[in-house]
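Visitor: model this:
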Amino acid sequence: MEQPIVIIPALNPLPTFIEYTKSLLELGIHSIIIVNDGSDSKYRSIFRELSSMDQCIVLDHVENKGKGRALKTGFRYVLKHFPKTGSVLTVGAHGQHTIEDVSLVLQTSRLFSNGIVLGVRNFRSKDLSFKDAIGQQAASLVFQLLFHRRILDAQTGLRSIPKKDLSWLLNVPGDSYDYDINMLIEAIKRQIPIYEIPIGQAKIKKNSIIHYDEIMNSKKIIHQILLNFMNYHKKKS
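Guide: Residues are numbered from 1 along each chain as shown. All right, here's what the predicted structure looks like:
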């Protein structure tokens, strides 16, 4: 079985993304699929350099379609072109996941290959206010009350997913940040194991587009959890 494939949805990445990608390749993965999700034209040189790298594939959305759609584009490509790989690893494009964090989730996924592995961020971070930290705990509690499963970080973008689960993941609704939460809820319904691995502290970069990868607004997260719960029970009734 081939080594894991890394999938990175990218919108207007910084030039440091090139070196970050090179460091990821040193972890012993098979390939990196980068989905350029409608980035501005001034970022073309970054994607050109990435596409020239061995083991690096760049897929383009002509216009921005959202992180969820970008992930699905990557999943489809893996299913079509990498039938022998065992899993995919989703990673953020804006430096919020250190190489050490990615390596940890990658190693853990080899032990827990039957389910989804989440890199769970530490919300006791100097980058987060007390209000934000409490909000994240509230979101986790709401998730547990509604779906009877404690998820400490439902919005983390650092995940290992078995390739066998990609087919049903293509049918999970959500084009934006909502896809991350919907994915976990659907996995719980399907009784697919979810493993949580502590990684580094949550990071918020001022004046950046990091929210494309992982939103930190607990009100939006709770709203999406409640919406999913209501939709699920409408289908059952």
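Visitor: quick check: next helix or strand after the helix or strand where Ala187 lies?
Guide: Using DSSP states H and E, Ala187 sits within helix 178-189. Sequence-wise, the next helix or strand downstream of helix 178-189 (DSSP H and E) is strand 194-201.
Visitor: tell me the buried residues in that following strand?
Guide: Within strand 194-201, the residues scored as buried using 16 or more other C-beta atoms under 10 Å are Ile194, Tyr195, Glu196, Ile197, Ile199, Gly200. In this view, the C-beta of every residue, glycine as well, is placed from N, C-alpha and C.
Visitor: go on, stretch 173-188?
Guide: Here stretch 173-188 shows 174, 176-188 as buried, counting by 16+ other C-beta under 10 Å.
Visitor: which two of the residues you listed have the greatest separation?
Guide: Using C-beta to C-beta, the buried residues of stretch 173-188 span at most 20.6 Å, a distance reached by Ser176 and Ile188.
Visitor: which residues are contacting stretch 178-193?
Guide: Contacts with stretch 178-193, where a contact means C-beta atoms under 8 Å, 6 or more residues apart in numbering, come from 66-69, 71-72, 112, 114-116, 147, 149, 151, 154-157, 165, 168-169, 172-174, 194, 214, 221, 224-225, 228, 232.
Visitor: where in this structure is pLDDT low?
Guide: 1, 123-136, 201-218, 228, 231-237 (pLDDT under 70).
Visitor: any idea how far the residue most central in space within it is from Trp168?
Guide: Centroid check for the chain by C-alpha atoms, centre = their mean gives Gly157 as the closest residue, at 2.8 Å. For Gly157, the distance to Trp168 equals 20 Å [C-beta to C-beta, to the nearest Å].
Visitor: got phi/psi on the residue nearest to the centre of the chain?
Guide: Dihedral pair for Gly157: phi -100, psi 0, per degrees, to the nearest 10.
Visitor: go ahead and confirm it touches Gly95.
Guide: No: between Gly157 and Gly95 there is no contact under C-beta atoms under 8 Å: 11.8 Å.
Visitor: how about the helices in this structure?
Guide: 16-25, 44-51, 67-81, 99-111, 130-147, 166-169, 178-189, 218-236 (DSSP state H).
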